[in-house]
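Asker: no sequence on this one, just coordinates:
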């Protein structure tokens with residue numbers, strides 16, 4: 001990362017950002033053509049889970065290359081400047097990572113994956129049966145590398161919070 005001053009290496013903070021993110025964007029590549037797609041997701045600390053239909057462009061790309069990049073962000077706000085166009089900024093937390101995707105095929109693991117996705121959005125687990133999962137394909141990303149980044153105002157906020165606590 002070029003801006004080391006904005007880098008987040010604390011996995012606990014990265015996990016909190018991921019828990020609060022609403023969308024995960026997947027970067028896929030097939031035949032030297034990129035494809036970025038937003039997905040609903042769940043995260044259990046080890047894997048990112050997502051689902052797909054039985055066919056589609058995502059599946060074509062995943063069949064060609066199971067290596068992915070993923071991106072999530074939280075608490076994004078534009079910071080305008082009334083004086084200078086180039087003084088505008090953005091306040092944010094973001095996470096970017098790389099990994100490999102594998103399809104989940106055994107029924108107990110599929111139930112776990114759907115519950116991770118549902119827990120992310122609803123805060124609870126659901127009673128699921130195998131029939132309800134027949135129309136959906138489920139996937140997990142094995143995270144190989146992950147890092148976070150935050151805007152300058154988030155760094156200052158964290159530092160002032162740490163000073164108050166200490």
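Answerer: Arrived safely. What you see is a predicted model, and the numbers here were worked out from it, not measured in a lab.
Asker: show me where the chain has strands.
Answerer: 7-8, 24-30, 33-39, 42-43, 47-52, 67-79, 89-104, 137-150 (DSSP state E).
Asker: can you redo those as a markdown table with mean pLDDT and mean neighbour count?
Answerer: Quick note: C-beta positions are derived from backbone N, CA and C, even for glycine. Shown next, in a markdown table, are these (pLDDT from 0 to 100; neighbours: other C-beta atoms under 10 Å):
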| stretch | mean pLDDT | mean neighbour count |
| --- | --- | --- |
| strand 7-8 | 92 | 18 |
| strand 24-30 | 98 | 18 |
| strand 33-39 | 98 | 12 |
| strand 42-43 | 98 | 22 |
| strand 47-52 | 97 | 22 |
| strand 67-79 | 96 | 16 |
| strand 89-104 | 96 | 17 |
| strand 137-150 | 96 | 18 |
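Asker: Turn the ones you listed into JSON lines, including distance to residue 15.
Answerer: As requested, those are exported to JSON lines (distance: least, C-beta to C-beta, whole Å):
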{"stretch": "strand 7-8", "distance to residue 15": "11"}
{"stretch": "strand 24-30", "distance to residue 15": "14"}
{"stretch": "strand 33-39", "distance to residue 15": "18"}
{"stretch": "strand 42-43", "distance to residue 15": "8"}
{"stretch": "strand 47-52", "distance to residue 15": "11"}
{"stretch": "strand 67-79", "distance to residue 15": "11"}
{"stretch": "strand 89-104", "distance to residue 15": "9"}
{"stretch": "strand 137-150", "distance to residue 15": "10"}
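Asker: tally of neighbours for residue 120?
Answerer: Residue 120 has 21 neighbouring residues, counting by other C-beta atoms under 10 Å.
Asker: and what of the one 5 residues further on?
Answerer: Summarising burial for residue 125: neighbours were counted as other C-beta under 10 Å, giving 13.
Asker: Skip the chain neighbours and tell me the closest residue to it.
Answerer: Of all residues not flanking residue 125 in the chain, residue 115 sits nearest, at 4.6 Å (C-beta to C-beta, 6 or more residues apart in numbering).
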